[in-house]
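**Q** the sequence isn't on hand, but the structure is:
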């Protein structure tokens, strides 16, 4: 049997067949992130990406008060920013290395081959956005309080929010508004601009819906859902021409899967297909 | 006089001056597509693109039950997928050629120089999305049932939906939801995320509105509408800088048209300008 | 003391600390633009961009009747279009130079390092869209009448609307509808598709809200807001990968600002930080 | 048996197994191109691309005097340029359609799945460059006279030379020199800047070498040579990152070919592998 | 008559019809650049770009000792680098503004619509490369001493060398070698890698050849040479597909020039065509 | 003191201050690569990238017979290719994961912040090219035998050669020739097309020259050489416009280094500057 997923700040469980549930578990600190947490997060999603027993992932935060309050600023301020170099260029390079490493950890969530659903509840600040924008489907609750918090600590958000937001929502005017003011906004607003695609009464219900959605995706051919995610992400960033060319090469191999036959047959026989592991 | 537009599976009519109406005509099979149909579709739109008597095109599906149910899976499964090659690479290349050819046919709709309006009613599955995303303006009816159906047959959609959807709607979260689950969604949802820009009571009304809209566009300078379409499609996929540079070169020639003088004069005289053929 | 901002067709005032208010001032002509105006506009925003006393800019139109009715077509038709060259290629190049120069003036608004908020009221046609799409945040009023007017004078819009609109709103179908028909649309519609992010009862209220929003942004670290704007604009046009890489290099220098320490400290002490000039 | 390749202005022969030889055959006019010729060229290379009996193609010109003198200017001047439209914009669009169609025909040579070798001898002007830059490997003779001739007839070359040359040779300074002056240059110079990769004593020898090279390529796995060509062309135009990603997807299918096993085994057994048809 | 070209550090003369000669004129300082010089350079090339009496430009350095020794480091070190800000981020932004302005001045040479030929003689260090890489054709002399000098003063070259060199020469290995070592290299080497396309015995001869080449280009249709330069520069940076599309739109207008007819006719009549001004 | 660099198949030594020498050490197998080797290679270069005691790296192969004969085909064929999956799509995905991981290891050499010099001697096949194209400067010896070997085993090269070669050498025709034929070519040819920038009599001399070159680079400001490498690699793949913009942001921080002052001062004082560690 495979090694268990045991990480200090995360609970990883498997509530249904082919469904993984990753829970940020530092509720006493509003799930705020210290460096070890993003390293763990990266390790978890890299494993899930290739784990044949996983076909969909749900990401949530432990406790009632926060999905995550973002970066643990106190810890951070004791780290990189406190370093004392005499040379602004050398300091700049140390910071650049640090940002790139941090970005890569969050991008590992996006690179996970399996679709990911994130549930944002209550406090969802700063890194909450960076992280959830690297997920595929975003759900929230009536009490979610979103904020692209970084300008309030003198920073432009640098772990992914500013790079992914313009490709993810409906209104560039709105995106600039929330990024420049750091104001808190609600699920109503998030739904209206398409940041989230579902809002639920409370965390319990939202997580249930997230797991249900994951369960549905997990019943599909894993070859089909992996390809759908990959091509959508590829195309988000590129011309339609390049998207089509990439798709043709991708499907040249993937269409050969037996899952097509199995899926069609199951459709005719009105029974559930049983796809082999990926 | 020009040759008539006669194609086995399509009705092509000209209900108003400079307006063409293309109707998918295989209602007994829910307008499902066999290979000959996309070859015909391509031929029709390539002709319309250069036809001086056409300035706007409306695309609809015959019958009440469906715009199109998508690919005729039964026919398809007897074709490419059934081929028996011993070598996965050679099979892959045969599939790649087939996908590229199929994509090119649908892209011919996007390349049509004249603006295209599509009306999606009732069943609008799979290829219905690929096809309508290659049109310029999408309208639907209160009974339209949309679905990005492909994952249900073990596939990532490969004829254009995954490449065009992220550039066409408001919410990447929503786009991934409907592509990964293949769930059926309604016109309400389609309107909310901007997939369609108008919803009408029934097919009759929607087609009337489509034709009316086409009629309005057909009254404009064909030089102006062609350029507007071309530059919007070009810019969708590129940086603003590149969009501006392309626009400047495009309009360097196009602004010289007499239509500008005619349009201005007509505006002052409050009469309809009469633009020459393109 | 610095030289005053005095321009024939614009009022530039400083209603609050670090806030500039630029008003298009040709109300007797519905603020329609003649060439001198876009040259002035460019000069103003290039100055504001580097002015250490400015951290946010509000752009409005004087009078009740119009933000701007767009290009002063009468003046324009006496200019470039009336020129009589015997050679279409030489005419084309003269037009190209003219368009590029005009585009560059409007792009200078986008390039302004400081966030810009535009308030569109009543008549907002043609150039109103080009110009406001180069601003960061768009607000409007219940009586705003928007129109991408260009096709009605035989033209594809060439000063930026067609290049920026597909990256700014939720629905490509809607964008093509309004660009191809030149129809007038309301603030309701503009809000629904995300073209504007706030609609107010009348011009007075909208301008007040714009100034209030500018005031809030002006209280943030100017290093943080400049970076946020720069990275959002950069990322709008590029892959997520390239956006992240650029962000890391940008913040390598910018994170070293004392504003981070000041902002954090002020947060703890619940007092207003006092950032030095940029 | 397959239909023969019969085209008015081209000889197509099969001098060795899996090798096609395409000869431009209008020697009495120095192989100058009329419209029918590029339509034929396109048709030939689209067939060769999918012809399982072809693995490499050699392109040459009949007669001793010229590979091709380029466009048949006399015929061309009776065509598109002579048309008399009153409207520069409509004329512009007619020209644009014509150029795009012409470009597409030449690009069909580049899109041919099978590697192509071109032999340029004696007069090789204008279209000779457009055409040979769409081939994979360029050979020439000691008497080849190259010229990017277009500026001498008042034109910027528009069928591909200016788009492909900067990606194909060593020196942008040299490329601009020959394109701006239209001067005739020799094989020595062409070899030095990498425009050609082999120069031979005379046409007979060069064609023999071209056929020999084609013969060698034709002995390789057609899966391997097709992929090599495809990925090199893709990567020429894109970032290394995108090239690598495309390569990984491409080879995911192609590495599964039995040709790998056959090639390895043949290597060990020092005999010629016998790859099945593509 | 037009205003004369009078600039403190530059001589601008017109040695032949349609040919401009720009000479860097600070020989007592080895033509090293102070800020005013690049501002002047930009002003000169922006004027030449639109000057109907100019069709080709030659750029040289006054005196025997140097084309240019590069940036006047002494002057520079008294400028931007000496500024004393307490905040590394604010300093960074001041530097960024300065670099962008400087880059834009050099890029104005590249943007000049008319082809430019540069003659590098003797000392050609640092900015000599940035500047000459923004020109179209590079010539040198047997005594030219090239060096990408910047690493020797602790810098990565930032005014264009590192961005343009990889697209301009034959060998990325060589480009990295000379940029990383700052070693001096000769014209032999520059010719071998394609950095220059001609080497002459001494400055007098090289300038004569530069003027002769400019004279030849100036005899061509200015519509044709402008388009050739524009499309080569556009294509250098983009995919072949995008290059072809841009070319088709460009030539849609430009092919309509009477120069085509004039050039063809002159060719038949073996006399010099007389193209009208651009 | 730092942990030593100890890896089974590599010798890592420090022959001069700030210079690292990495030697592939499997001479009994012609330095052919097994999987552990590219994992080790990646680990080594990721460490060197951040090692403050390293400013330049030389990569060579142990023994006289080969730099590397490429992939250890025997080991490889027992690995990934031998796996027996019934489903071509699942096999494809396993292969894709494997290729991406392998590519990433080689790309880690390119990502190393410090300049890298590779010396290719004698047998340099297949992976030898992939690997050396990820280095900055390539040197070889009179007996180097290069070959892009992959088509001979039925494959398109997939670890980087096909993506990097078109951006690294002078002649696309030559690049296609050697990739399509897998023929062995010599250092003469490699030098002519710019694949290598120096050829030496034998391995001893070449390694000495490589170390000498590394020594010279190691004496420069590490801030300057890191930036030079970074910007050249960035610009190789992008438009000049994007290259310039990135450069300005990069240098905004890096120009603030004290190395600039130190380098200038040392230049004046004609002594060696002593830069602090990076």
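**A** It's in. Computed from a predicted structure; not experimentally measured.

**Q** pretty sure residue A:191 contacts residue A:199?
**A** Yes - contact criterion Cβ atoms under 8 Å: residue A:191 and residue A:199 qualify, at 5.2 Å. C-beta here means a position set from N, CA and C on the backbone, and glycine is covered the same way.

**Q** any common contacting residues for these two?
**A** Counting by Cβ atoms under 8 Å, 6 or more residues apart in numbering or on different chains, the shared contacts of residue A:191 and residue A:199 are residue A:140.

**Q** quick check: chain neighbours aside, which residue is closest to residue A:27?
**A** Nearest residue to residue A:27, sequence neighbours excluded (Cβ to Cβ, 6 or more residues apart in numbering or on different chains): residue A:63, at 2.9 Å.

**Q** for the residue of the stretch 151-278 of chain A found nearest chain C, what are its contacts?
**A** Closest contact between the stretch 151-278 of chain A and chain C, by Cβ to the nearest Cβ, is at residue A:171 (2.6 Å). Residues near residue A:171 by Cβ under 8 Å, 6+ apart: A:193, B:170, C:168-170, C:193-195, C:197.

**Q** helices - which of these land there?
**A** Taking DSSP state H, every one of the contacts of residue A:171 sits outside helices.

**Q** close to chain E: what parts of the stretch 1-150 of chain A are there?
**A** A:88, A:91-92 (Cβ under 8 Å from any Cβ of the partner chain).

**Q** reformat these as CSV; add neighbour count and pLDDT.
**A** Converted to CSV, those look like this (neighbours: other Cβ atoms under 10 Å in any protein chain shown; pLDDT from 0 to 100):
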residue, neighbour count, pLDDT
A:88, 23, 93
A:91, 23, 95
A:92, 27, 96
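
**Q** that older thread, give me the phi and psi angles of the residue nearest to residue A:27.
**A** Phi and psi for residue A:63, reported as degrees, to the nearest 10, are phi 90, psi 170.

**Q** check contacts around it.
**A** Counting by Cβ under 8 Å, 6+ apart, residue A:63 touches A:27-28, A:30-31.

**Q** of the residues you listed, which is the most crowded?
**A** The most crowded member of the contacts of residue A:63, judged by other Cβ atoms under 10 Å in any protein chain shown, is residue A:31 (28 neighbours).

**Q** pull the number of nearby residues for the residue nearest to that one when sequence neighbours are not counted.
**A** Excluding the flanking residues, the one nearest residue A:31 by Cβ to Cβ, 6+ apart is residue A:68, at 4.0 Å. The local packing of residue A:68 (other Cβ under 10 Å) involves 29 other residues.

**Q** residue A:68 and residue A:13, how far apart?
**A** For residue A:68, the distance to residue A:13 (Cβ to Cβ, to the nearest Å) stands at 19 Å.

**Q** low-confidence regions, chain A specifically.
**A** A:1-2, A:79-85 (pLDDT under 70).

**Q** next SSE downstream of the longest helix anywhere in it?
**A** For chain A, the helix that runs over the most residues, judged by DSSP H, is helix A:88-111. Proceeding N to C from helix A:88-111, the next assigned helix or strand is strand A:116-120, under DSSP states H and E.

**Q** identify the residues contacting that next one?
**A** Residues outside strand A:116-120 that contact it (Cβ under 8 Å, 6+ apart) are A:45, A:56-61, A:67, A:109, A:128, A:131-132, A:135-141, A:144, A:146, A:196, A:203, A:206-207, A:210, A:213-214.

**Q** out of the residues of the stretch 1-150 of chain A next to chain E, which are close to chain C?
**A** A:88, A:91-92.

**Q** what's the closest of the residues you listed to chain D?
**A** Nearest to chain D among those, with distances taken as Cβ to the nearest Cβ, is residue A:92, at 23.6 Å.

**Q** isn't that closest one right up against residue C:256?
**A** Yes - with contact defined as Cβ under 8 Å, residue A:92 and residue C:256 form a contacting pair (6.9 Å).

**Q** can you list residues touching both of those two?
**A** E:88, F:253.

**Q** how close does whichever residue of the stretch 151-278 of chain A sits closest to chain D sit to residue B:98?
**A** Scanning the stretch 151-278 of chain A for the residue nearest chain D gives residue A:253, at 3.5 Å (criterion: Cβ to the nearest Cβ). Counting by Cβ to Cβ, the separation of residue A:253 from residue B:98 is 14 Å.

**Q** looking at those two, which is more packed in?
**A** Legend: neighbour count by other Cβ under 10 Å for residue A:253 and residue B:98, higher for residue A:253 (32 against 21).

**Q** quick one: the more buried one and chain F, what's the gap?
**A** Noted for residue A:253: a distance of 4 Å to chain F, by Cβ to the nearest Cβ, to the nearest Å.

**Q** for residue A:249, same thing?
**A** For residue A:249, the distance to chain F equals 11 Å [Cβ to the nearest Cβ].

**Q** can you tell me the element that residue falls in?
**A** Assessed by DSSP H and E, residue A:249 sits inside helix A:240-254.

**Q** show me what counts as buried in the helix or strand following that helix.
**A** Counting by DSSP H and E, the element after helix A:240-254 in chain order, helix or strand, is helix A:258-269. Judged by neighbour count (16 or more other Cβ atoms under 10 Å in any protein chain shown), helix A:258-269 contains these buried residues: A:258-260, A:262-264, A:266.

**Q** quick one: is helix A:258-269 near chain B?
**A** Yes - Helix A:258-269 is in contact with chain B by Cβ under 8 Å from any Cβ, via A:259-264, A:267.

**Q** so is that helix next to chain D?
**A** No - using Cβ under 8 Å from any Cβ, helix A:258-269 stays clear of chain D, coming no nearer than 14.8 Å.

**Q** kindly check the end-to-end length of stretch A:123-143 for me.
**A** The straight-line separation of the ends of stretch A:123-143 (Cα to Cα, to the nearest Å) is 8 Å.

**Q** picking that back up, check which helices and strands the helix holding residue A:249 sits against.
**A** Packing partners of helix A:240-254 (3 or more Cβ pairs under 8 Å, 6 or more residues apart in numbering or on different chains; DSSP states H and E): helix A:222-236, helix B:88-111, helix B:161-164, helix D:240-254, helix F:88-111.

**Q** highest mean neighbour count out of those?
**A** helix B:161-164 (a mean of 30; mean count of other Cβ atoms under 10 Å in any protein chain shown).

**Q** show me what that one is in contact with.
**A** Contacts of helix B:161-164 (Cβ under 8 Å, 6+ apart): A:228, A:231-232, A:235, A:240, A:243-244, A:247, B:129-130, B:133-134, B:148, B:150, B:156, B:179.

**Q** for the stretch 1-150 of chain A, which residues are neighbours of chain F?
**A** A:50, A:86-90, A:92-93, A:97, A:113.

**Q** would TSV of the residues you listed with distance to residue F:102 be doable?
**A** Shown next, in TSV, are the residues of the stretch 1-150 of chain A next to chain F (distance: Cβ to Cβ, whole Å):
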residue	distance to residue F:102
A:50	15
A:86	41
A:87	37
A:88	38
A:89	34
A:90	33
A:92	32
A:93	28
A:97	24
A:113	17
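
**Q** which residues sit in contact with the one residue in chain A that gets nearest to chain B?
**A** For chain A and chain B, the shortest gap (Cβ to the nearest Cβ) falls at residue A:194, measuring 2.6 Å. Each residue near residue A:194 by Cβ under 8 Å, 6+ apart is listed here: A:168-170, B:169-174, B:193, C:170.

**Q** now it. Nearest residue, chain neighbours left out?
**A** Closest residue in space to residue A:194, ignoring its immediate chain neighbours: residue B:171 at 2.6 Å, by Cβ to Cβ, 6+ apart.

**Q** next: residue A:132.
**A** Counting by Cβ to Cβ, 6+ apart, the nearest residue to residue A:132 once its immediate chain neighbours are dropped is residue A:118, at 4.5 Å.

**Q** quick one: that neighbour from residue F:46, how far?
**A** Using Cβ to Cβ, one gets 30 Å for the distance from residue A:118 to residue F:46.
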